[in-house]
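# Following is a predicted model, sequence given first.
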Amino acid sequence: MNGEALLSVRGLSAFYGDVRALSDVDLDVMPGEIVAIVGANAAGKSTLLRALSGMIRWTGRIGFRGRDLAALPAHDIVEQGLIHVPEGRELFPFMTVEENLEVGAYTQRARGRYQASKEKVFSLLPRLRERRQQLAHTLSGGEQQMCAIGRGLMACPDMLLLDEPSLGLAPVIIRTVYEKLTEINAAGTTVLLVEQNLKVALRLASRAYVLQNGRVVLSGRSEDLLADPRLTSAYMGR
Ligand SMILES: Nc1ncnc2c1ncn2[C@@H]1O[C@H](COP(=O)(O)OP(=O)(O)O)[C@@H](O)[C@H]1O
Ligand SMILES: [Mg+2]
């Protein structure tokens, strides 16, 4: 890795009350990369994304585009272009697809670009255009995931934080979602992806970090990790 990281994390610990859920995590994401965070259930993957987007208390250093995020509340982090697509999609179920997309553009950064962003999202995810008037809770699981990703794109991200986009989806649908992620990345958005689904994540990402009990226990290029016998033990059989 040469040049300046887009996201640079050093000695990150994160807490629920007094309980420490992440310990001393270091990681870097370079501009244009797709990087995966993998690990078993309860390893701390979602906690890491919550710390990055300012949703829980943390210590250490997080730099994004060279700026220290320590002093910034969550709504300012979003204005920096670091956008979190949460686990379980968290759409507004009784709002239409289009209204959910509109919510994504509610930042200063994105507001003025609403129409152009929506056109971009609809051309990338044509199914959302077809379903624009449909209530979010009536979408299939794959469509809901697309809608959550579309809402994230509406915020004009420099970097998307994606929490388990494959969760609960059939393999053929996972493939479609991941093809879209490749396109989104090719169009210029850096991606930090959290997955329990190891194979799927390492196929997409060029590099990955393996979390276990809130610590990074292994990291490297995806192809090297896939060939590394330590991966299975770090992952406890998954
Ligand atoms: N809201 C919460 N309050 C207290 N503990 C939590 C909360 N969310 C997660 N945890 C704990 O933090 C640890 C990491 O959880 P999480 O980041 O959700 O793991 P993962 O996303 O890898 O499955 C787990 O031990 C979990 O029980
Ligand atoms: Mg999680």
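Thanks, I have it. Ligands and ions are numbered 1, 2, ... in the order given.
# residues touching the closest residue to Q134 other than its chain neighbours, list them.
Leaving aside its sequence neighbours, Q134 sits nearest to V97 (CB to CB, 6 or more residues apart in numbering; 5.8 Å). The C-beta positions use only the backbone N, C-alpha and C, and glycine is treated the same way. V97 makes contacts with L128, R131, R132, Q133, Q134, A136, L139, C147, G150, as judged by CB atoms under 8 Å, 6 or more residues apart in numbering.
# so is E102 in a helix, a strand, or just coil?
helix (DSSP: H, G, I helix; E, B strand; the rest coil).
# need the contact list for it.
Contacts of E102 by CB under 8 Å, 6+ apart are Y114, M154.
# Please report the number of neighbouring residues for the residue in the chain that ligand 2 sits nearest to.
Ranked by CB to the ion, the top residue of the chain for proximity to ligand 2 is S46, at 3.1 Å. By the criterion of other CB atoms under 10 Å, S46 has 20 neighbours.
# Work out for me the element it sits within.
In the assignment (DSSP states H and E), S46 maps to helix 45-52.
# which is the next helix or strand following that helix?
Following helix 45-52 in sequence, per DSSP H and E, is strand 57-64.
# contacting residues around the helix or strand just after that following strand?
As assigned by DSSP H and E, the chain's next helix or strand after strand 57-64 is strand 67-68. With CB under 8 Å, 6+ apart as the test, strand 67-68 has contacts from R61, I62, Q80.
# Repeat the analysis, applying 7 Å as the threshold.
R61, Q80 (CB atoms under 7 Å, 6 or more residues apart in numbering).
# State the pair within the contacts of V97 that is farthest apart.
With CB to CB as the measure, no two of the contacts of V97 lie farther apart than Q133 and G150, at 14.7 Å.
# rewinding a little: any idea how far the residue nearest to Q134 lies from N185?
Here the criterion is CB to CB, to the nearest Å. By it, V97 lies 23 Å from N185.
# What of L160?
For L160, the distance to N185 - CB to CB - is 9 Å.
# before we move on, what about G44?
24 Å.
# Looking at these two, which one has more neighbours?
When G44 and N185 are compared for neighbours, G44 comes out ahead with 24 against 18, by other CB under 10 Å.
# and for the lowest-mean-pLDDT helix or strand in the chain, what are the contacting residues?
Within the chain, no helix or strand scores below helix 230-235, which has a mean of 82 by mean pLDDT, DSSP states H and E. Contact with helix 230-235 is made by G39, A40, L198, V210, Q212, V217, L218, L225, as judged by CB under 7 Å, 6+ apart.
# mind checking which helix or strand the fourth one is in?
Following DSSP H and E, the helix or strand that holds V210 is strand 207-212.
# tell me what the helix or strand following that strand is packed against?
Next along the chain after strand 207-212, taking DSSP H and E as the criterion, comes strand 215-221. Judged by 3 or more CB pairs under 7 Å, 6 or more residues apart in numbering; DSSP states H and E, the packing partners of strand 215-221 are strand 19-29, strand 207-212, helix 230-235.
# So which of the ones you listed is the most surrounded?
Using mean count of other CB atoms under 10 Å, the stretch among the helices and strands packed on strand 215-221 with the greatest mean number of neighbours is strand 207-212 (a mean of 24).
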